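1. Need a 3D model of the following:
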Amino acid sequence: MESDDPFNNALAQLASITDILSVDPEYYEILKSPMKQISVSLPIKLADGSAITFQGYRVQHNNARGPFKGGIRYHPSVSLAEVKALSMWMTWKSSLIDIPFGGAKGGITFDPSKLSHDELERLTRKYVDAIERDIGPEVDVPAPDVNTNAQTMAWFMDEYSRLKGHSVPTVVTGKPIELGGSEGREAATGRGVVICAREAVRSLLKKEMKDVTVAVQGFGNVGSNCVRSLMEMGAKIVAVSDVFGGARLSNGGFFEGDYSHLAELAAKNGSVSKIPGAEPISNEELLESDADILIPAALENQITEGNASKIRAKLVVEAANGPTTPMADKILDRSGIALVPDILANSGGVLVSYFEWVQNLARDHWTIEVVNDRLEEKMKKAFHDVLNHSEKHNLDMRRAALVLAVGRVVSAMQLSGWH
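-> Numbering: from 1, shown residues only. Next comes the predicted model:
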């Protein structure tokens with residue numbers, strides 16, 4: 001049986017390329033474990049007078065190439081194993097897109113929909129107070145992730161600045177524009193995913209985006225921005241889902257109009273699964289949709305040994321982190337289904353976070369055109385670097401991406417004299 005522990009999956013991915021790379025055992029040992037694991041208790045008093053203690057984490061995997069970098073997620077499934085895996089994937093992601101950051105990740109285990117706006121703010125500030133000594137512009141730079149956003153980062157920055165006694169906008173990225181955030185940051189991950197999808201459609205399927213059908217699992221920040229960019233490029237969305245379930249159009253149908261119309265229908269009906277005229281389906285059924293491209297944009301471990309043989313898409317583009325397990329990877333590969341891995345496909349978010357950090361350091365602000373042009377340029381280069389390496393060395397794209405990413409981290413450790 002395969003493991004549902006995301007950290008075991010991350011270790012299996014690392015192990016899958018150590019022979020190809022000939023990694024020195026000393027460096028392999030360093031890479032297998034995060035450099036630091038921070039676990040904090042966050043007691044707060046709620047509005048109804050009750051008190052509750054939440055569990056928070058920050059895991060710092062590797063900083064050979066630069067300060068630790070990675071998001072903060074608020075979700076009931078947040079665990080130390082999950083955050084450890086995500087921190088390792090962040091190291092590979094920063095390396096693969098070739099920016100001077102290492103990898104980290106953080107989170108608090110709870111359901112944010114159960115807390116008020118004021119309670120969320122107080123919990124966020126308490127979390128900053130607990131990890132303040134372990135973060136900073138040249139140390140570890142957090143960002144938004146699942147169920148966190150620009151507002152969360154505004155509280156984060158303000159609390160850190162209060163503790164330091166002066167404004168420190170460079171401590172986090174993904175901030176509101178008014179507080180030093182970058183143009184295009186919110187849409188960056190989804191936009192980067194679709195740039196990779198477009199390049200894969202052209203290179204692997206020999207088609208254009210207007211000629212393909214797509215199913216997208218997830219309608220949060222990343223999933224909804226994927227759908228927006230896909231519709232702008234003319235791709236046909238045949239199925240989409242959110243936390244409540246999904247909606248699929250059969251008999252060759254696809255969601256007509258533009259993204260704002262679809263988002264409006266989803267908001268009006270409380271979920272994309274309740275869009276009139278579409279067949280309601282589960283998130284599991286969405287994965288098995290008859291579409292050219294499948295984009296899992298929700299959480300880890302969605303495509304597994306149990307359902308990989310039922311995937312009908314010709315191309316999987318991973319918008320979520322770790323949505324495909326190692327056993328599922330092998331099944332998809334045997335079935336001839338191409339896969340663009342998460343550390344490549346969803347690296348647009350950390351890339352534009354890096355752009356924001358650079359703008360803050362220089363006290364500068366770039367236009368949306370500059371941000372999007374640089375995003376396009378870097379994503380295309382990274383995609384074709386991975387594709388070329390995969391074809392040259394007869395590797396699937398996941399292992400090709402890992403070889404490039406891990407190789408750069410190992411090189412940085414060697415040059416710096418790590419032991």
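
2. contacts, neighbours, all on C-alpha from now
-> Will do.

3. And the nearest residue to Arg122 once chain neighbours are set aside, what's its pLDDT?
-> Leaving out its chain neighbours, the residue that sits closest to Arg122 by Cα to Cα, 6 or more residues apart in numbering is Ile44, at 7.7 Å. Ile44 carries a pLDDT value of 95.

4. isn't Ile44 right up against Asp118?
-> No - under the criterion of Cα atoms under 8 Å, Ile44 makes no contact with Asp118, lying 11.5 Å away.

5. Neighbour count: those two, which is higher?
-> More neighbours surround Ile44 than the other of Ile44 and Asp118, with 16 against 11 (other Cα atoms under 10 Å).

6. Give me the buried positions along whichever strand or helix holds Arg162.
-> Secondary structure assigned from DSSP states H and E places Arg162 in helix 150-164. With burial defined by 16 or more other Cα atoms under 10 Å, the residues of helix 150-164 counted as buried are 150, 152-160.

7. Touching stretch 80-87 from outside, list them.
-> Residues from elsewhere that reach stretch 80-87, judged by Cα atoms under 8 Å, 6 or more residues apart in numbering: 5-10, 34, 37, 57-61, 70, 103-107, 321.

8. For the stretch 251-400 of the chain, which segments count as helices?
-> Per DSSP state H, counting those that start in this stretch, the stretch 251-400 of the chain has helices spanning 259-269, 283-287, 326-334, 342-345, 348-361, 368-392, 397-416. These are given in chain order.

9. could you dump the buried residues of helix 150-164 to CSV with distance to Leu249 and pLDDT?
-> Output for the buried residues of helix 150-164, formatted as CSV (distance: Cα to Cα, whole Å; pLDDT from 0 to 100):
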residue, distance to Leu249, pLDDT
Ala150, 33, 95
Thr152, 36, 98
Met153, 37, 98
Ala154, 39, 98
Trp155, 41, 98
Phe156, 41, 98
Met157, 43, 98
Asp158, 45, 98
Glu159, 47, 98
Tyr160, 47, 98
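
10. So in this structure, which strand runs the longest?
-> In the chain, taking DSSP state E as the definition, the longest strand is strand 51-62.

11. the inter-axis angle of that one versus helix 397-416?
-> 70 degrees (axes from the mean of the first three to the mean of the last three Cα atoms, to 10 degrees).

12. buried ones in strand 51-62?
-> Of the residues in strand 51-62, 55-62 count as buried by neighbour count, 16+ other Cα under 10 Å.

13. likewise stretch 17-30?
-> For stretch 17-30, the neighbour count (16+ other Cα under 10 Å) marks 17-18, 23, 27-28, 30 as buried.

14. Distance to Ala401 added to those residues, as CSV?
-> Formatted as CSV, the buried residues of stretch 17-30 follow (distance: Cα to Cα, whole Å):
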residue, distance to Ala401
Ile17, 10
Thr18, 13
Val23, 15
Tyr27, 18
Tyr28, 17
Ile30, 20
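
15. Look up the closest residue to Gln13, ignoring the ones flanking it.
-> Pro326 (6.9 Å).

16. cool, and Thr170?
-> Leaving out its chain neighbours, the residue that sits closest to Thr170 by Cα to Cα, 6+ apart is Pro137, at 5.2 Å.

17. Per-residue confidence, the one you found, what does it come out as?
-> For Pro137, the pLDDT comes out at 96.

18. Roughly how far does it sit from Thr152?
-> 17 Å (Cα to Cα, to the nearest Å).

19. Where does Gly192 sit, in terms of helix or strand?
-> Gly192 is part of helix 185-200 when elements are defined by DSSP H and E.

20. roughly how far out does that helix sit from the chain middle?
-> Here the centre of mass of C-alpha atoms in helix 185-200, compared against the chain's by Cα atoms, centre = their mean, to the nearest Å, lies 11 Å away.

21. What's the mean pLDDT across it?
-> For helix 185-200, the per-residue pLDDT values average out at 95.

22. send the alpha carbons of it over as PDB?
-> The C-alpha trace of helix 185-200 is given here as PDB (Å, rounded to 0.1, in the frame of the first residue of the first chain):
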ATOM      1  CA  ARG A 185       0.800  38.400  -7.400                       C
ATOM      2  CA  GLU A 186      -2.600  37.000  -6.600                       C
ATOM      3  CA  ALA A 187      -3.100  35.600 -10.100                       C
ATOM      4  CA  ALA A 188       0.600  34.500 -10.500                       C
ATOM      5  CA  THR A 189       0.400  30.900  -9.600                       C
ATOM      6  CA  GLY A 190      -2.700  30.100 -11.700                       C
ATOM      7  CA  ARG A 191      -1.200  32.200 -14.600                       C
ATOM      8  CA  GLY A 192       2.100  30.300 -14.400                       C
ATOM      9  CA  VAL A 193       0.200  26.900 -14.400                       C
ATOM     10  CA  VAL A 194      -1.600  27.900 -17.600                       C
ATOM     11  CA  ILE A 195       1.600  29.100 -19.300                       C
ATOM     12  CA  CYS A 196       3.100  25.600 -18.600                       C
ATOM     13  CA  ALA A 197      -0.100  24.000 -19.900                       C
ATOM     14  CA  ARG A 198       0.000  26.000 -23.100                       C
ATOM     15  CA  GLU A 199       3.600  25.100 -23.700                       C
ATOM     16  CA  ALA A 200       2.900  21.400 -23.000                       C
END
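
23. Now do that helix: which elements does it pack against?
-> Helices and strands touching helix 185-200, as assessed by 3 or more Cα pairs under 8 Å, 6 or more residues apart in numbering; DSSP states H and E, comprise helix 221-232, strand 315-317, strand 338-340, helix 342-345, helix 348-361, helix 368-392.
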